[in-house]
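**Q** turn this into a structure:
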Amino acid sequence: MSHDHHHHHQVQGKNLLFSIVLNLVITVAQVIGGILSGSLALMSDALHNFSDVLSLVFSYAANKVSKKKSSVNQTFGYKRAELIAAFVNAMTLIIVALFLIYGATERFFNPHKIASGLVIWLSILGIVVNGLSVIMLKNDADKNLNMKSAYLHLFTDMLASVAVLVGGLLMKYFQWYWVDSVLTMLIALYLIIVGFDLLKKSTQMLMLFTPVHIDINDIISEVHKISGVHKLHHIHVWNLNDDELHLEAHLDCLEDIKMSEFNEIVHQMEHVLLDKFQINHINIQPEFNKEEASKDFIVQD
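**A** The predicted model follows:
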């Protein structure tokens, strides 16, 4: 049996830790400001920020745990910890959104006078703090689902603060207090959309589904072009985490070849699968004239 693996982007947690501190500050400020001003949008932004603090802490812990070494009891280490964090963070986005919709619906039919000046200044503070955090996490978010979940929490917070600022200005100059509820509802709907997308992606990875960009038939077609290959079957392709895309399969050879010749076939497969499909870890079981009940491409083992 042969295997090969390559590793890619290493996520650093220091930017995440700094974002946690910043969000703790803004959460406390918005809770106090929301109580004093009577703004539901500001309180909802504070609630969202608080959920972000918890999510960021979870993401930071998962990032640290995922770097722990493998052992005889944890042969893959804790590499999937970040997928669990992304899944939980996606769930919190949706749950927070449902709470916001409930509160906004109640407030819409019973609007309150709101101290708009305080809302405006605290929303500006939220934009600055979350905007800074978003910039710090952008690079890691493009390469890691856990970091993307943290990034999305912060990005939606920044958008929420922009919405709260617009609402504060409308309340200050036009006394449109119903805007507070409408903006809260829009923020919540956006949270549901991004949360569901993240939940779907993390669930697919946790369930070991074939990644959406991978077509098994294309893999078979490319591998079968390699000299000496008869049939690739019993194929499984899955994400261990964001960095590692695995393939395991049985490979029927045309002839009863030496191990050194099989190694050359696998070496060619490694290049093809990495270059064309970004598969960076393969595990191949060699076979020649082996009798099996089924040699289908996909087999439930």
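
**Q** who's in contact with Leu169?
**A** Taking C-beta atoms under 8 Å, 6 or more residues apart in numbering as the criterion, Leu169 is in contact with 116, 120. No exception for glycine: its C-beta is placed from N, CA and C like everyone else's.

**Q** check what pLDDT it gets.
**A** Looking at Leu169, its pLDDT stands at 89.

**Q** what are the phi and psi values at the residue positioned nearest the centre of the chain?
**A** Note on the chain: the residue nearest the mean C-alpha position is Leu145, at 2.9 Å, using C-alpha atoms, centre = their mean. Dihedral angles of Leu145 (phi, psi; degrees, to the nearest 10) stand at phi -70, psi -40.

**Q** what's the answer for His236, then?
**A** Torsion angles, degrees, to the nearest 10, at His236: phi -130, psi 130.

**Q** verify the stated contact: it with Glu248.
**A** Yes: the pair His236 and Glu248 passes the contact test of C-beta atoms under 8 Å, sitting 5.1 Å apart.

**Q** pull stretch 239-259 out as PDB, backbone CA atoms only.
**A** Output for stretch 239-259, consisting of C-alpha atoms alone and laid out as PDB, is shown next (Å, rounded to 0.1, in the frame of the first residue of the first chain):
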ATOM      1  CA  ASN A 239     -11.500  16.400   3.100                       C
ATOM      2  CA  LEU A 240      -9.700  15.600   6.400                       C
ATOM      3  CA  ASN A 241      -9.600  19.400   6.900                       C
ATOM      4  CA  ASP A 242      -9.200  22.400   4.700                       C
ATOM      5  CA  ASP A 243      -5.600  21.600   3.900                       C
ATOM      6  CA  GLU A 244      -5.800  17.900   3.300                       C
ATOM      7  CA  LEU A 245      -7.800  16.300   0.500                       C
ATOM      8  CA  HIS A 246      -7.500  12.500   0.600                       C
ATOM      9  CA  LEU A 247      -8.100   9.700  -1.900                       C
ATOM     10  CA  GLU A 248      -8.000   6.000  -1.100                       C
ATOM     11  CA  ALA A 249      -8.700   3.300  -3.700                       C
ATOM     12  CA  HIS A 250      -7.800  -0.100  -5.100                       C
ATOM     13  CA  LEU A 251      -5.700  -0.200  -8.200                       C
ATOM     14  CA  ASP A 252      -5.700  -3.200 -10.600                       C
ATOM     15  CA  CYS A 253      -2.500  -3.400 -12.500                       C
ATOM     16  CA  LEU A 254      -2.300  -4.800 -16.100                       C
ATOM     17  CA  GLU A 255       0.700  -7.100 -15.200                       C
ATOM     18  CA  ASP A 256       2.200  -8.800 -12.200                       C
ATOM     19  CA  ILE A 257       4.800  -6.100 -11.800                       C
ATOM     20  CA  LYS A 258       7.600  -5.500  -9.200                       C
ATOM     21  CA  MET A 259       7.000  -3.100  -6.300                       C
END
